[in-house]
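Colleague: Coordinates for the following, if possible.
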Amino acid sequence: PMMSLMRKFMVGVVFGLGMDYEVLLVTRMREAYVHGERPGQAVVTGFRYSARVVVAAAVIMIAVFAGFLGASDQMVKMIGFGLAIAVLFDAFVVRMAIVPAVLALLGHKAWWLPKWLDRLLPNVDVEGESLRKHLGDSSEGPDKDRELVNA
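Modeller: Next up, the predicted model:
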């Protein structure tokens, strides 16, 4: 027997965890793309630097949910087993295989934003790319400033 609320509960929890993994992976890919890498190479770079964090987080969550299997209550066991399998599938199959493959296949279109939506959304430049362009050549970054202070 399956608890009727379990499906809704699992979808909510797995969706929240999946979005965390997605943000970790795709943010680094987007950063590499914004800094001038080709789309396919940006996916590889982002995956290389973020995959270990996602694997570690997924393994921790799977271990926590698998710990519920030792409970005496059948509903708790069912929730723990379901969430452990869902996180395993979501993190390793969806987030670390399907999403990077689709982004690599889409190329530049994966990062394209319609002009009307670009005007509506705020420009959040976490990496400081627009500031770097405004100040001039990116090679005059912190090392150049340090030279001026030491002079």
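Colleague: Please report the distance of Leu24 from Phe92.
Modeller: 14 Å (CB to CB, to the nearest Å). The C-beta positions use only the backbone N, C-alpha and C, and glycine is treated the same way.
Colleague: ok, now Ile62?
Modeller: 10 Å.
Colleague: lowest confidence element among the helices and strands of the chain?
Modeller: Lowest on mean pLDDT, DSSP states H and E among the helices and strands of the chain sits helix 142-150, with a mean of 48.
Colleague: Flag every buried residue along the helix or strand harbouring Leu131.
Modeller: According to DSSP states H and E, Leu131 maps onto helix 129-135. Across helix 129-135, burial judged by 16 or more other CB atoms under 10 Å covers Arg132.
Colleague: any idea of the mean pLDDT for that helix?
Modeller: For helix 129-135, mean pLDDT rounds to 76.
Colleague: again with stretch 93-101
Modeller: 93.
Colleague: That stretch: which residues count as buried?
Modeller: Arg95, Met96, Val99, Pro100.
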